[in-house]
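[1] sequence and predicted structure, then a few things I'm wondering about:
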Amino acid sequence: MKYSDDLFDINHNLAYASIFGILCGIASGLATIYSIEAAYIFIGILIGNLIAFKVDGIHHLVTLICFIIVLLIGGIPELSFIVLLICIFAAFLDEVGHELISNVTENRFLNLFFEYRCVMKVVILLLAICGVFNIWIFVCFLMFELSYEFAGIIKNLN
């Protein structure tokens, strides 16, 4: 999704942004069908971003539609409402904090915490410690987040 966002926001290339969005929607949808923990994470991120008004481009809508189509074909897993709400709230806090925290404080820790959207990371770790998620899901989520950051680095090198 990082490539899609940058291609749309920086390069103003809707075609490539949409292609990467389609790939993201399909991959996220397949992960959601395959893993209940991924379902909580991806659906939580989706709804949290919708609530934070971060779905703000055609490429996001294309991604959303692909994600929904994959879920409609593959089946939406049965989720605990409480765990899903926790993930939605974490994603929402990450997005709002990412946008606003640097305007509110000069605290270096808080600025880094929200710049790298650590609320969801902490929540997933806590859910793993409490036995709701498998600890490997936390590791996989960290790898997912690292790939997001590396995508930004690689994009900036070009």
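    Received, thanks. Nothing here was measured: the structure is a model prediction, and the numbers come from that model. Residues are numbered from 1 along each chain as shown.

[2] so which helix or strand takes in the residue nearest to the spatial centre of the chain?
    Nearest to the mean C-alpha position of the chain, by C-alpha atoms, centre = their mean, lies residue 45 at 4.6 Å. Assigned by DSSP states H and E, residue 45 belongs to helix 36-51.

[3] list the buried residues for that helix?
    For helix 36-51, a neighbour-count test (16 or more other C-beta atoms under 10 Å) marks 36-50 as buried. In this view, the C-beta of every residue, glycine as well, is placed from N, C-alpha and C.

[4] identify, from the residues you listed, the entry nearest to residue 107.
    residue 48 (23.1 Å; C-beta to C-beta).

[5] neighbours of the nearest residue to that closest one once chain neighbours are set aside, how many?
    Distances taken as C-beta to C-beta, 6 or more residues apart in numbering put residue 91 closest to residue 48, at 2.7 Å, once the chain neighbours are dropped. Counted with other C-beta atoms under 10 Å, the neighbours of residue 91 add up to 27.

[6] and the residue nearest to the centre of the chain, what does it touch?
    Residues in contact with residue 45, defined by C-beta atoms under 8 Å, 6 or more residues apart in numbering, are 87, 91, 120.

[7] just the closest of the residues you listed to residue 134, please.
    residue 87 (15.0 Å).

[8] the helix or strand hosting the closest one to helix 36-51, inter-axis angle?
    Taking DSSP H and E as the definition, one finds residue 87 inside helix 81-104. Angle between the axes of helix 81-104 and helix 36-51 is 50 degrees (criterion: axes from the mean of the first three to the mean of the last three C-alpha atoms, to 10 degrees).
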